[in-house]
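A.B. asks: Give me the fold of what follows.
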Amino acid sequence: MNVHSSFYKFVQIDDPAQCAASLRAQAKAINGSIIVAGEGINGAVAGASTDVAAFEAALICDSRFTDVLFKHSAWERPPFGRMKVSVRARIVAINLPVVSAAPRTALSPEDWAQWIARNDVVVLDNRNHFEWALGRFEGALNPSVSHFKDFPTFVAAHADTWRREGKTV
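C.D. replies: Predicted structure coming up:
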(Lines give C-alpha, C1' and ligand atoms only; values in the text may rest on other atoms or scores of the structure.)
Protein backbone atom coordinates (compact mmCIF):
# COMPACT_ATOMS: atom_id res chain seq x y z
CA MET A 1 0.00 0.00 0.00
CA ASN A 2 1.18 3.53 -0.81
CA VAL A 3 0.81 6.32 1.73
CA HIS A 4 0.97 10.11 1.60
CA SER A 5 1.89 11.74 4.93
CA SER A 6 1.62 15.46 5.76
CA PHE A 7 2.99 17.02 8.93
CA TYR A 8 4.25 20.23 10.48
CA LYS A 9 5.57 21.44 13.80
CA PHE A 10 6.36 24.93 15.02
CA VAL A 11 9.41 24.43 17.21
CA GLN A 12 12.76 26.19 17.70
CA ILE A 13 15.39 24.70 15.37
CA ASP A 14 18.77 26.23 16.13
CA ASP A 15 20.57 24.67 13.14
CA PRO A 16 18.11 24.25 10.26
CA ALA A 17 20.85 23.09 7.86
CA GLN A 18 21.86 20.26 10.18
CA CYS A 19 18.21 19.30 10.72
CA ALA A 20 17.66 19.26 6.94
CA ALA A 21 20.69 17.01 6.43
CA SER A 22 19.35 14.59 9.04
CA LEU A 23 15.92 14.55 7.38
CA ARG A 24 17.48 13.87 3.98
CA ALA A 25 19.29 10.87 5.44
CA GLN A 26 16.09 9.56 7.05
CA ALA A 27 14.03 10.01 3.86
CA LYS A 28 16.14 8.05 1.36
CA ALA A 29 13.37 5.50 0.59
CA ILE A 30 10.55 8.05 0.07
CA ASN A 31 9.78 11.12 -2.02
CA GLY A 32 8.28 14.44 -1.05
CA SER A 33 8.98 17.96 0.06
CA ILE A 34 10.06 19.13 3.51
CA ILE A 35 10.76 22.72 4.53
CA VAL A 36 12.98 23.39 7.53
CA ALA A 37 13.33 26.80 9.18
CA GLY A 38 14.36 28.17 12.53
CA GLU A 39 10.66 28.13 13.44
CA GLY A 40 10.01 24.45 12.64
CA ILE A 41 9.27 21.93 9.87
CA ASN A 42 6.50 21.50 7.29
CA GLY A 43 6.40 18.46 5.05
CA ALA A 44 4.57 16.09 2.80
CA VAL A 45 6.09 12.74 1.88
CA ALA A 46 4.93 9.64 0.07
CA GLY A 47 6.03 6.09 -0.51
CA ALA A 48 5.34 2.53 0.45
CA SER A 49 3.54 2.44 3.79
CA THR A 50 6.43 0.63 5.47
CA ASP A 51 8.95 3.23 4.22
CA VAL A 52 6.76 6.16 5.29
CA ALA A 53 6.23 4.53 8.71
CA ALA A 54 10.00 4.08 9.10
CA PHE A 55 10.57 7.77 8.24
CA GLU A 56 7.91 8.88 10.74
CA ALA A 57 9.39 6.64 13.45
CA ALA A 58 12.84 8.14 12.87
CA LEU A 59 11.42 11.68 12.91
CA ILE A 60 9.66 11.31 16.25
CA CYS A 61 12.84 9.93 17.83
CA ASP A 62 14.10 13.52 17.69
CA SER A 63 12.95 15.16 20.95
CA ARG A 64 11.77 18.25 19.05
CA PHE A 65 9.30 16.19 17.03
CA THR A 66 7.98 13.55 19.44
CA ASP A 67 4.44 14.97 19.28
CA VAL A 68 4.19 15.56 15.53
CA LEU A 69 0.84 14.48 14.13
CA PHE A 70 0.78 12.87 10.71
CA LYS A 71 -2.18 13.07 8.31
CA HIS A 72 -2.31 10.06 6.00
CA SER A 73 -4.02 9.33 2.71
CA ALA A 74 -3.62 6.60 0.11
CA TRP A 75 -2.52 7.26 -3.45
CA GLU A 76 -2.39 5.42 -6.75
CA ARG A 77 -0.11 7.75 -8.70
CA PRO A 78 3.07 8.98 -7.02
CA PRO A 79 2.49 12.60 -5.90
CA PHE A 80 6.22 13.43 -5.89
CA GLY A 81 9.01 12.63 -8.31
CA ARG A 82 11.85 13.04 -5.84
CA MET A 83 12.73 13.95 -2.27
CA LYS A 84 13.46 17.61 -1.62
CA VAL A 85 14.42 19.02 1.79
CA SER A 86 14.82 22.81 1.75
CA VAL A 87 16.05 25.28 4.32
CA ARG A 88 14.01 28.48 4.22
CA ALA A 89 13.37 31.54 6.36
CA ARG A 90 9.83 30.34 7.21
CA ILE A 91 7.89 27.08 7.00
CA VAL A 92 4.81 28.90 5.70
CA ALA A 93 5.45 31.80 3.33
CA ILE A 94 3.40 34.85 4.24
CA ASN A 95 5.61 37.55 2.70
CA LEU A 96 6.55 39.23 5.96
CA PRO A 97 10.04 39.98 7.20
CA VAL A 98 11.45 37.37 9.54
CA VAL A 99 11.72 38.65 13.09
CA SER A 100 12.78 36.80 16.19
CA ALA A 101 9.79 35.01 17.61
CA ALA A 102 8.24 36.14 20.85
CA PRO A 103 8.27 33.51 23.58
CA ARG A 104 5.41 31.10 23.03
CA THR A 105 3.16 29.89 25.80
CA ALA A 106 1.30 26.64 25.41
CA LEU A 107 -2.28 26.81 26.65
CA SER A 108 -4.21 23.95 28.13
CA PRO A 109 -7.59 23.26 26.51
CA GLU A 110 -9.24 24.84 29.55
CA ASP A 111 -7.11 27.99 29.33
CA TRP A 112 -7.74 28.20 25.58
CA ALA A 113 -11.52 28.01 26.17
CA GLN A 114 -11.25 30.85 28.69
CA TRP A 115 -9.18 33.00 26.32
CA ILE A 116 -11.50 32.65 23.34
CA ALA A 117 -14.57 33.39 25.50
CA ARG A 118 -13.20 36.81 26.50
CA ASN A 119 -14.58 39.98 24.89
CA ASP A 120 -11.12 41.53 24.60
CA VAL A 121 -9.69 38.67 22.52
CA VAL A 122 -9.91 38.36 18.74
CA VAL A 123 -9.53 34.83 17.38
CA LEU A 124 -8.56 34.56 13.73
CA ASP A 125 -9.37 31.14 12.28
CA ASN A 126 -7.52 31.07 8.98
CA ARG A 127 -8.84 27.79 7.61
CA ASN A 128 -9.68 27.48 3.96
CA HIS A 129 -13.33 27.73 2.88
CA PHE A 130 -13.85 23.95 2.98
CA GLU A 131 -12.33 23.58 6.44
CA TRP A 132 -14.26 26.62 7.76
CA ALA A 133 -17.53 25.02 6.61
CA LEU A 134 -16.66 21.82 8.50
CA GLY A 135 -15.86 23.51 11.79
CA ARG A 136 -14.30 26.51 13.45
CA PHE A 137 -13.74 28.15 16.80
CA GLU A 138 -16.91 29.75 18.13
CA GLY A 139 -16.78 33.52 17.69
CA ALA A 140 -13.69 33.40 15.50
CA LEU A 141 -13.25 35.75 12.57
CA ASN A 142 -12.82 34.22 9.13
CA PRO A 143 -10.30 36.30 7.18
CA SER A 144 -11.77 34.77 3.99
CA VAL A 145 -8.48 34.94 2.15
CA SER A 146 -7.96 32.79 -0.92
CA HIS A 147 -4.25 32.28 -0.23
CA PHE A 148 -2.42 32.24 3.09
CA LYS A 149 0.01 34.82 1.73
CA ASP A 150 -2.95 37.28 1.73
CA PHE A 151 -3.45 36.86 5.49
CA PRO A 152 -1.02 39.67 6.49
CA THR A 153 -3.03 42.15 4.38
CA PHE A 154 -6.18 41.20 6.30
CA VAL A 155 -4.40 41.62 9.64
CA ALA A 156 -2.87 44.97 8.60
CA ALA A 157 -6.32 46.25 7.56
CA HIS A 158 -7.73 45.54 11.04
CA ALA A 159 -4.74 45.89 13.38
CA ASP A 160 -5.24 49.57 14.24
CA THR A 161 -8.88 48.97 15.17
CA TRP A 162 -7.94 46.02 17.38
CA ARG A 163 -5.22 48.10 19.07
CA ARG A 164 -7.62 51.01 19.71
CA GLU A 165 -10.13 48.59 21.21
CA GLY A 166 -7.44 47.04 23.45
CA LYS A 167 -7.90 43.61 21.87
CA THR A 168 -5.46 40.73 22.09
CA VAL A 169 -5.25 38.86 18.80
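A.B. asks: Of all the residues in the lowest-mean-pLDDT helix or strand in the chain, which ones are buried?
C.D. replies: Across the helices and strands of the chain, mean confidence by mean pLDDT, DSSP states H and E is lowest for helix 129-134: a mean of 76. Neighbour-count burial for helix 129-134, counted by 16 or more other C-beta atoms under 10 Å, picks out no residue. (C-beta placed from N, C-alpha, C; glycine too.)
A.B. asks: likewise stretch 55-67?
C.D. replies: Phe55, Glu56, Leu59, Arg64, Phe65.
A.B. asks: now do stretch 15-22
C.D. replies: In stretch 15-22, counting by 16+ other C-beta under 10 Å, buried: Pro16, Cys19, Ala20, Ser22.
A.B. asks: just checking, which of the residues you listed belong to helices?
C.D. replies: Pro16, Cys19, Ala20, Ser22 (DSSP state H).
A.B. asks: measure the last one to Val85 for me?
C.D. replies: If I follow you right, that is Ser22. Note on Ser22: its distance to Val85, by C-beta to C-beta, to the nearest Å, is 9 Å.
A.B. asks: same deal with the third one?
C.D. replies: Going from Ala20 to Val85 by C-beta to C-beta gives 5 Å.
A.B. asks: Do a quick rundown of the strands in this protein.
C.D. replies: Ranges of strands within the chain are 2-10, 31-37, 40-48, 71-74, 83-87, based on DSSP state E.
A.B. asks: need those strands in TSV with mean neighbour count, can you?
C.D. replies: As requested, those are exported to TSV (neighbours: other C-beta atoms under 10 Å):
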stretch	mean neighbour count
strand 2-10	18
strand 31-37	21
strand 40-48	21
strand 71-74	11
strand 83-87	17
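A.B. asks: Just send the ones you listed back as JSON lines, with mean pLDDT and distance to Trp112 too.
C.D. replies: Converted to JSON lines, these look like this (pLDDT from 0 to 100; distance: least, C-beta to C-beta, whole Å):
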{"stretch": "strand 2-10", "mean pLDDT": "94", "distance to Trp112": "16"}
{"stretch": "strand 31-37", "mean pLDDT": "96", "distance to Trp112": "25"}
{"stretch": "strand 40-48", "mean pLDDT": "96", "distance to Trp112": "20"}
{"stretch": "strand 71-74", "mean pLDDT": "93", "distance to Trp112": "21"}
{"stretch": "strand 83-87", "mean pLDDT": "97", "distance to Trp112": "32"}
